[in-house]
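Enquirer: Provided below are the primary sequence and the corresponding predicted coordinates.
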Amino acid sequence: MPSSQISGKAYHEATKHSYLSVQLNPNYVDASTQPSSFKVYPKFYRRVKLNLNNPVHSFILLTSTITLEKVYKDGPYKLRVNPSAGALYPTEVYVQVRKIEGIVDGIYHLEVENNCLTLIYELIDDGLESYIIPGKSINGFIFLISCVYYRSSWKYQNRSMRYCLLDSGHHLGAIAASPFLHNRDIQLIFDFDKFALNSDLGFENKEFITTCAVSGEVEDRKIRRLRLKIPFVCGTDYFESNQFIEDTYQATSLQKSRQQKLEYPQFDFDKDKFSQTVWDRRSIRRFRKESISQEDYLYIMQQLQQPIPTENYEEIEIYSVVHRVNGMTPGLYKGTHLVKTGNFSEKTGYLCINQAIAKDGAVTLFFVSDYLNYQTAMQIAGFLGQRLYLTSNYLGIQCSGIGAYYDDETQELLETNKDVLYGMVIGI
């Protein structure tokens, strides 16, 4: 299918799971062939080692850092503040720093494995603002999120574009958590010239920008485009192209998102407790089939309804299949409105490719949307997913994302014709 014909809806339709499709393509992979999940620039690039005792360093570090290392039979996994489908971590973060004491004005790659900033471009009168917010200058930080898509397509093939975008949204949520803890504002931007940025950042076809966030003082000043292209460094040790994903990215970058007035969320989290939650956040693999309180469930839903700090948006509707919430009738809810009663735990387990967590948790949630811009919708779904992780973990409730489900049958359960973008589950 030519890229001009691959809309977000066409891509979503083409990558749907069904009971038959999963049986025909169970998608087994050889773990020993997994591509590298860390991008590292050559050793001669200048680096800034990030120190948690420095507030600026801590602000940057907390957006992406490794929080736990686990060793499995096929090797170590370095788990991060942001979850990732299959722990494959396709996302990378670049940070432009301007007029911050102690750091040279420049564009840096956030080298997660070594907790440092790698200077890849020094600024003069140029910068990322020209591509993102023309006519403005940000005295502070611009965070760019990119995806090295082969890290995900190695395992998930064509459907991996979904996971790249959801992972990007989760990473954006991890970035947004840090300014809350450091008393800084942040604005998410989804609509900008991604093609020009990909070219000037030297990404070739192996990496692409998905979104950005800005934090700092906005000044009316014209900033020109980067004077020079940045030398290419591949984010994997080997690479196999997927033309379908590349064409989908190109086509879905062109549609403008819906627009809204910029509003900031107002959270009441205790910052010390929330900081520890960020460090301790994990994806649960098994639930004990215990109930959660109605008070906690309603608090979680209230946080999901808080504003997302962006002028670009796509509306996400949240359906909850309540299995075990004290004081609530089991059944399907849209928001907090009961749509139909029933014990659907076995049904949700089946729909989520027979994953036990989908039936053993307290609530299984599905995010759906009738979007204009597919990239924005999927990333907002991931962003809300990160908010769900942190809020539930803050309350001592476990959480996990579910990216694999039988699409059409899930729509039937939810009684909607809108695309199901993401599944999640919370419980104890």
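Expert: Here it is on my side, so go on.

Enquirer: sec struct for the closest residue to Asn205 other than its chain neighbours, please.
Expert: Distances taken as C-beta to C-beta, 6 or more residues apart in numbering put Glu246 closest to Asn205, at 5.7 Å, once the chain neighbours are dropped. All C-beta atoms are positioned from the backbone trio N, CA, C, and that covers glycine. Remark: Glu246 carries the secondary structure label helix [criterion: DSSP: H, G, I helix; E, B strand; the rest coil].

Enquirer: who's in contact with Tyr28?
Expert: Contact analysis of Tyr28 by C-beta atoms under 8 Å, 6 or more residues apart in numbering lists nothing.

Enquirer: now do the phi/psi pair for it.
Expert: The phi/psi pair for Tyr28 (degrees, to the nearest 10) reads phi -80, psi 140.

Enquirer: ok, back up a step: and for the residue nearest to Asn205, the neighbour number?
Expert: Burial measure for Glu246: 16 neighbouring residues, criterion other C-beta atoms under 10 Å.

Enquirer: I figured it hits Lys206, correct?
Expert: No - Glu246 sits out of contact with Lys206 when judged by C-beta atoms under 8 Å, with a separation of 9.6 Å.

Enquirer: related to what we said a few turns ago, ok, the residue nearest to Asn205 to Ser253 distance?
Expert: 11 Å (C-beta to C-beta, to the nearest Å).

Enquirer: pLDDT wise, what is the residue nearest to Asn205 at?
Expert: Per-residue pLDDT puts Glu246 at 97.

Enquirer: where does Val339 fall, secondary structure wise?
Expert: strand 337-341 (DSSP states H and E).

Enquirer: and that strand, C-alpha only, in PDB?
Expert: Presented in PDB, the C-alpha positions along strand 337-341 are these (Å, rounded to 0.1, in the frame of the first residue of the first chain):
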ATOM      1  CA  HIS A 337     -21.200   5.400  34.200                       C
ATOM      2  CA  LEU A 338     -22.400   1.800  34.400                       C
ATOM      3  CA  VAL A 339     -23.100   0.500  30.800                       C
ATOM      4  CA  LYS A 340     -23.900  -3.100  31.600                       C
ATOM      5  CA  THR A 341     -23.600  -5.400  34.600                       C
END
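
Enquirer: other SSEs contacting it?
Expert: Using 3 or more C-beta pairs under 8 Å, 6 or more residues apart in numbering; DSSP states H and E as the contact criterion, the neighbours of strand 337-341 among helices and strands are strand 331-334.

Enquirer: one more pass at 10 Å, please.
Expert: With contacts defined as 3 or more C-beta pairs under 10 Å, 6 or more residues apart in numbering; DSSP states H and E, the packing partners of strand 337-341 are strand 317-322, strand 331-334.

Enquirer: and of the ones you listed, who's closest to Leu226?
Expert: Set against Leu226 and scored by C-beta to C-beta, the helices and strands packed on strand 337-341 come closest in strand 317-322, at 39.5 Å.

Enquirer: sheet partners, orientation included, of the helix or strand that the closest one is followed by?
Expert: Moving toward the C-terminus from strand 317-322, the first helix or strand encountered (DSSP H and E) is strand 325-326. Strands adjacent to strand 325-326 in the sheet, as given by DSSP bridges, are strand 292-293 (parallel).

Enquirer: give me the next element, helix or strand, following the strand it pairs with.
Expert: Along the chain past strand 292-293, the next helix or strand (assigned with DSSP H and E) turns out to be helix 294-304.

Enquirer: average pLDDT for that next one?
Expert: Mean pLDDT, taken over the full extent of helix 294-304, equals 98.

Enquirer: next, the buried residues of it.
Expert: By neighbour count on 16 or more other C-beta atoms under 10 Å, the buried set for helix 294-304 is 296-297, 300-301, 303-304.

Enquirer: do the same with stretch 327-340
Expert: By 16+ other C-beta under 10 Å, the buried positions in stretch 327-340 come out as 328, 330-333.

Enquirer: how far off centre is that stretch?
Expert: Per C-alpha atoms, centre = their mean, to the nearest Å, the displacement of stretch 327-340 from the mean C-alpha position of its chain is 27 Å.

Enquirer: what does it contact?
Expert: Defining contact as C-beta atoms under 10 Å, 6 or more residues apart in numbering, one finds that stretch 327-340 is touched by 291-295, 297-298, 301-302, 304-305, 317-325, 341-345, 347-348, 362-366, 368, 413-416.

Enquirer: got the end-to-end distance for that stretch?
Expert: This stretch, stretch 327-340, spans 16 Å end to end (C-alpha to C-alpha, to the nearest Å).

Enquirer: now for the helix or strand that comes right after the strand holding Val339, which elements pack on it?
Expert: Moving toward the C-terminus from strand 337-341, the first helix or strand encountered (DSSP H and E) is helix 345-351. Applying 3+ C-beta pairs under 10 Å, 6+ apart, we find helix 345-351 packed against strand 317-322, helix 357-360, strand 363-369, helix 407-414, strand 419-427.

Enquirer: quick check: angle from the strand holding Val339 to strand 317-322?
Expert: Our comparison of strand 337-341 with strand 317-322, counting by axes from the mean of the first three to the mean of the last three C-alpha atoms, to 10 degrees, yields an angle of 50 degrees.

Enquirer: strand 337-341 pairs with which strands, parallel or anti?
Expert: Taking DSSP bridges as the criterion, strand 337-341 sits next to strand 331-334 (antiparallel) in its sheet.

Enquirer: pLDDT averaged over the strand it pairs with - what is it?
Expert: When the per-residue pLDDT values of strand 331-334 are averaged, the result is 98.

Enquirer: only alpha carbons, please: show that strand as PDB.
Expert: Output for strand 331-334, consisting of C-alpha atoms alone and laid out as PDB, is shown next (Å, rounded to 0.1, in the frame of the first residue of the first chain):
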ATOM      1  CA  GLY A 331     -19.600  -4.800  34.900                       C
ATOM      2  CA  LEU A 332     -18.700  -2.400  32.100                       C
ATOM      3  CA  TYR A 333     -18.300   1.300  32.800                       C
ATOM      4  CA  LYS A 334     -17.700   4.200  30.500                       C
END
